[in-house]
Every structure is written in C-alpha cells, then in structure tokens.
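> Return a 3D structure for these sequence lines:
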Amino acid sequence: MRRNFLTAVLVTTMGILPSCGDAKGGSSVPTPSASHRIAVTSSAFTEGGTIPRRHTCDGEDVSPPLAFSGVPADAGGLALVVEDPDAPHGTFTHWLMWDIGPHTTELAAGQVPPGATQGRNGFRKTGYGGPCPPRGDKPHHYVFSVYATDRPLDLTAGATPDGIRRALAGHTLATGTLTGRYGR
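Numbering: from 1, shown residues only. Down below sits the predicted model:
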C-alpha cells in the first residue's frame, strides 16, 4: 500500500514538472548574462512607471522611444526583447529585434533602425505589438531587455525568443532592462 502511494506521488510529480515554465512547457535555453550593464531609459515612462496608452493596443500601438547608454565600445550589435512575464499562459513576447547598430543610442517612437531585423511577436506578427493585457487583470509588467553582442547575430526573420537567447549565449557583452506597467 505504501509502495503504491509513493509510486503514485512520483508519477504525479513527474507529470507536473513539464508544465512548469512558459506556455510551451518550459525552456532549457540559458538566459544571456553579462557583467557590464546598459542603462535603458524612455522619455515616455520611468522604471516601474505606467506605459502611456499611445504605446499599447488601446492607442496607436507604436513602440515607445528608448535610449541606451553604457554600450561597450567593442560591441558588434544590439538586440532587443520585450516580454510580459505576467501573461496568463506564460511569458508573452511583444517585440524581438536584433542587429541594431552598436553605436545606436536611441530609438524614436515607432522606429526600426536601418539594418535591424525584427522577429515575430506573440501576436504572430512581425514587429512591435504593444501591451494588451486581459481586462480586469492587475497591471502587467513589460520588460524591455537590451543586449550588446560581440558580433552580429546569425538569425532569420522568423527567430523566436529562445532562438535569440541561444544566439546570445556566450556572445553577450552587456545587458540592461527597463520595466513598465500597463493595465486595462
């Protein structure tokens, strides 16, 4: 009897483990890291502040202006990943962009710099898709992560967040984040 109970607990636990993590059952992709920090700011909102309606699905749905400082002089490029970790079915991707010029210090609202490539977001569209949390949820957090790379990333336009993280692994010189909030 005790043996059957332990077996049932083990089988149940093993069945639960794969469902932890993102909506696809988790990710074993390493998170890019670096000891140097990039300062990421926006003239539209402050760290932890509310993202203006203009930059959401309830407004014009254009990307907010961003500024970067502290990018290493020897960087080969920049990558940008914008995600909502509070989404109901796991982290939701709002924007993927890479091969941004290493000397780029700012992006104007709605701007994609020449030479940069955008990936598909969680809305299954290429480019920026602004915050659009379910009505009635507490405000979600939107994390704008910027990575300085030691070389251009070898990715196709259909790259996923995991694909970008794989490409960044071992090639990230510096990183920084800016987090905004939005609720409906």
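
> Could you use CA atoms for every contact and neighbour count after this?
Fine.

> Below-threshold pLDDT in the protein: ranges please.
The model of the chain has pLDDT under 70 over residues 1-35.

> Just list the residues touching the closest residue to residue 70 other than its chain neighbours, thanks.
Leaving aside its sequence neighbours, residue 70 sits nearest to residue 38 (CA to CA, 6 or more residues apart in numbering; 4.8 Å). Counting by CA atoms under 8 Å, 6 or more residues apart in numbering, residue 38 touches 68, 69, 70, 71, 146, 147, 174, 175, 176, 177.

> Out of the residues you listed, the closest to residue 133 would be?
Nearest to residue 133 among the contacts of residue 38 is residue 177, at 20.2 Å by CA to CA.

> Residue 142 is in contact with the closest one, correct?
No - checked against CA atoms under 8 Å, the pair residue 177 and residue 142 is beyond contact range at 9.9 Å.

> Among the contacts of residue 38, name the buried ones.
68, 71, 146, 147, 174, 175, 176, 177 (16 or more other CA atoms under 10 Å).

> Adding distance to residue 161 and secondary structure as columns, could you present those in JSON lines?
Below are these laid out as JSON lines (distance: CA to CA, whole Å; DSSP: H, G, I helix; E, B strand; the rest coil):
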{"residue": "68", "distance to residue 161": "21", "secondary structure": "strand"}
{"residue": "71", "distance to residue 161": "21", "secondary structure": "coil"}
{"residue": "146", "distance to residue 161": "13", "secondary structure": "strand"}
{"residue": "147", "distance to residue 161": "13", "secondary structure": "strand"}
{"residue": "174", "distance to residue 161": "18", "secondary structure": "strand"}
{"residue": "175", "distance to residue 161": "16", "secondary structure": "strand"}
{"residue": "176", "distance to residue 161": "16", "secondary structure": "strand"}
{"residue": "177", "distance to residue 161": "16", "secondary structure": "strand"}
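
> and the two most separated of those residues?
71 and 177 (12.7 Å).

> what ranges do the helices span in this protein?
Under the criterion DSSP state H, helices of the chain are mapped to 2-16, 161-168.

> which residues does residue 174 form a beta bridge with?
In this entry, residue 174 is beta-bridged to residue 36, residue 148, by DSSP bridges.

> ok, it to residue 109 distance?
23 Å (CA to CA, to the nearest Å).

> swap in residue 179?
16 Å.

> Next: residue 137.
Applying CA to CA to residue 137 and residue 109 gives a distance of 26 Å.

> picking up where we left off before, just name the closest of the contacts of residue 38 to residue 56, please.
For the contacts of residue 38, the nearest to residue 56 is residue 177 (18.8 Å; CA to CA).

> So for the closest one, what's the nearest residue that isn't a sequence neighbour?
Per CA to CA, 6+ apart, closest to residue 177 is residue 145, 4.4 Å.

> Perfect, I'm done here.
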